[in-house]
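> Build the 3D model from these lines:
(one chain, ligands or ions: 1)
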Amino acid sequence: MNSLFFKGKVRYPDYELNFDLSLPGSGITALFGASGAGKSTLLRAVAGLVKPENGMIRIKDKTWQDDSCQLFIPTHKRSLGFVFQDARLFSHLSVTDNLQYGMKRIDTENRKISLEKAVELLGIGHLLDRMPETLSGGEKQRVSIARALATSPQIMLMDEPLAALDMKRKSEIIPYLQRLNEELDIPVLYVSHVLEEVSSLADHLVLLDKGQIVAAGKTNEMLTRLDLPLAYYDTASAVIEGNIVEEDLQFYLSTLSFPGGQIYLPMGSFRIGQKVRLRIQARDVSLTTEKPENTSILNILDTTVVNFSDNTQGQVMVELDAKGTRLLSRITSKSASILKLDTGKPIFAQVKGIAVID
Ligand SMILES: Nc1ncnc2c1ncn2[C@@H]1O[C@H](COP(=O)(O)OP(=O)(O)OP(=O)(O)O)[C@@H](O)[C@H]1O
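Next comes the predicted model:
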């Protein structure tokens with residue numbers, strides 16, 4: 001039973017959250033939605049901090065709540081690591097003592113992640129003797145994540161862990177979260193309302209709105225679905241994953257291969273074989289029916305039109321298929337008319353800008 005299963009209803013005087021979700025038991029799953037959508041409430045229901053009605057909360061082979069047999073495991077007996085927006089470290093304890101505090105509560109046989117491993121994964125070895133008040137916001141948050149990890153939890157629950165940090169600190173922490181995801185087999189539920197954060201980190205995405213689950217699925221499929229609002233954000237983008245297969249020292253370019261083709265990237269510090277995730281914004285993809293020659297745009301992908309949106313203020317969003325990988329392109333409706341856009345039509349996607357995520 002390698003999956004997560006959450007079902008139930010949480011009722012407040014002016015609000016109701018309904019959920020019935022089956023999610024993969026590994027990777028980062030983002031709970032995404034506007035303020036008040038119910039993301040934190042769902043996380044709290046998983047943690048047992050609120051008790052959903054008709055509830056079922058199952059983490060792989062462990063059942064934490066099953067109302068059909070009056071089972072409810074209280075929060076302190078659930079093996080979970082909770083990370084909040086503010087780090088909530090014990091101010092009178094050093095970093096080491098903060099880390100040990102959580103760990104000591106776990107029986108020796110259940111300690112699967114050593115303190116050293118948690119310290120190494122979050123890169124906080126140089127901070128161990130410091131007191132929390134001497135740490136930056138980003139450092140505090142890394143300690144707080146390490147403290148949660150050191151309890152060897154069956155699941156990590158993160159409630160907007162980067163929200164209190166500025167952009168620079170955010171981008172410093174994201175690689176640690178990615179590493180944690182690659183190296184440990186602990187599922188993470190990650191609450192966020194920032195699309196870029198979700199597309200950088202999440203393998204799966206649950207979209208919530210006004211207490212309802214709108215849709216759930218793999219991140220790129222969700223980002224590029226034209227029937228969901230994510231494709232209409234100003235920063236709407238697709239996320240692709242591939243491997244670095246070649247380096248061109250003359251032109252200082254690396255080639256990334258993914259199922260939909262090849263992409264050239266500035267060489268940077270990639271190594272051959274490295275897995276790389278890229279974000280391609282819809283506004284950076286233009287379309288042409290003829291394969292362009294003599295163009296300064298290096299990345300041209302062979303695609304098919306899957307679907308396109310109605311004309312909204314002169315703009316059309318186009319969903320493209322590059323041999324199984326979905327991309328988005330935002331063009332003007334005049335361009336759509338010139339291109340005689342139609343579903344199933346083969347078309348070349350010219351990618352003008354790419355952001356390397358990791
Ligand atoms: N203890 C409570 N009592 C009454 N209403 C509550 C309680 N906790 C949350 N709510 C309401 O439930 C709704 C969902 O809140 P929740 O915090 O889950 O949303 P969210 O999606 O996490 O939003 P945000 O991004 O603003 O944190 C809100 O309308 C909120 O006012």
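> where do the strands sit along the stretch 251-358 of the chain?
If DSSP state E, counting those that start in this stretch is used as the criterion, the strands of the stretch 251-358 of the chain fall at 253-258, 261-266, 275-281, 285-288, 299-308, 315-322, 325-332, 346-351, 355-356.
> between these, which one is nearest to the ligand?
Distance to the ligand, taken as C-beta to the nearest ligand atom, is lowest for strand 275-281 among the strands of the stretch 251-358 of the chain, at 22.3 Å. C-betas here are computed from N, CA, C, even on glycine.
> any idea of the mean pLDDT in the closest one?
Computed over strand 275-281, the mean pLDDT rounds to 92.
> for this structure, longest strand please?
Taking DSSP state E as the criterion, the chain has its longest strand at strand 237-248.
> Can you list the neighbours in contact with that strand?
For strand 237-248, the external contacting residues (C-beta atoms under 8 Å, 6 or more residues apart in numbering) are 195, 199, 219-220, 223-224, 253-260, 262-263, 265, 267, 270-282, 325-328, 357.
> Now the strands of the stretch 251-358 of the chain in JSON lines, please, with extra columns for mean neighbour count and distance to Glu247.
What follows is the strands of the stretch 251-358 of the chain, written out as JSON lines (neighbours: other C-beta atoms under 10 Å; distance: least, C-beta to C-beta, whole Å):
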{"stretch": "strand 253-258", "mean neighbour count": "19", "distance to Glu247": "5"}
{"stretch": "strand 261-266", "mean neighbour count": "17", "distance to Glu247": "10"}
{"stretch": "strand 275-281", "mean neighbour count": "19", "distance to Glu247": "13"}
{"stretch": "strand 285-288", "mean neighbour count": "19", "distance to Glu247": "25"}
{"stretch": "strand 299-308", "mean neighbour count": "19", "distance to Glu247": "16"}
{"stretch": "strand 315-322", "mean neighbour count": "21", "distance to Glu247": "23"}
{"stretch": "strand 325-332", "mean neighbour count": "22", "distance to Glu247": "23"}
{"stretch": "strand 346-351", "mean neighbour count": "18", "distance to Glu247": "20"}
{"stretch": "strand 355-356", "mean neighbour count": "14", "distance to Glu247": "15"}
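> In JSON lines, list those strands along with distance to the ligand.
Shown next, in JSON lines, are those (distance: least, C-beta to the nearest ligand atom, whole Å):
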{"stretch": "strand 253-258", "distance to the ligand": "33"}
{"stretch": "strand 261-266", "distance to the ligand": "34"}
{"stretch": "strand 275-281", "distance to the ligand": "22"}
{"stretch": "strand 285-288", "distance to the ligand": "30"}
{"stretch": "strand 299-308", "distance to the ligand": "29"}
{"stretch": "strand 315-322", "distance to the ligand": "25"}
{"stretch": "strand 325-332", "distance to the ligand": "25"}
{"stretch": "strand 346-351", "distance to the ligand": "32"}
{"stretch": "strand 355-356", "distance to the ligand": "25"}
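> Looking at the ones you listed, spot the one closest to Ala30.
strand 275-281 (14.2 Å; C-beta to C-beta).
> got the angle for that closest one vs strand 261-266?
Angle of strand 275-281 versus strand 261-266, following axes from the mean of the first three to the mean of the last three C-alpha atoms, to 10 degrees, is 90 degrees.
> Format the strands of the stretch 251-358 of the chain as a markdown table; extra columns: distance to Leu228.
What follows is the strands of the stretch 251-358 of the chain, written out as a markdown table (distance: least, C-beta to C-beta, whole Å):
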| stretch | distance to Leu228 |
| --- | --- |
| strand 253-258 | 23 |
| strand 261-266 | 25 |
| strand 275-281 | 17 |
| strand 285-288 | 18 |
| strand 299-308 | 12 |
| strand 315-322 | 11 |
| strand 325-332 | 12 |
| strand 346-351 | 21 |
| strand 355-356 | 21 |
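> Quick check: which of the ones you listed is nearest to Thr134?
Nearest of the strands of the stretch 251-358 of the chain (C-beta to C-beta): strand 355-356, 33.2 Å.
> hmm, who's touching the closest one?
Identification of contacts with strand 355-356 by C-beta under 8 Å, 6+ apart yields Leu265, Gly268, Val276, Arg277, Leu278, Arg279, Ile280, Gln281.
> That strand - what's its average pLDDT?
78.
> Name the strands paired with that strand and say parallel or antiparallel.
In the sheet, strand 355-356 lines up against strand 275-281 (antiparallel) (DSSP bridges).
> List the contacts of the partner strand.
Contact with strand 275-281 is made by 196, 199-200, 235-244, 256, 263, 265, 270, 327-328, 351, 353-358, as judged by C-beta under 8 Å, 6+ apart.
> low pLDDT regions in the stretch 251-358 of the chain?
358 (pLDDT under 70).
> so which residue of the stretch 51-200 of the chain comes closest to the ligand?
His193 (5.0 Å).
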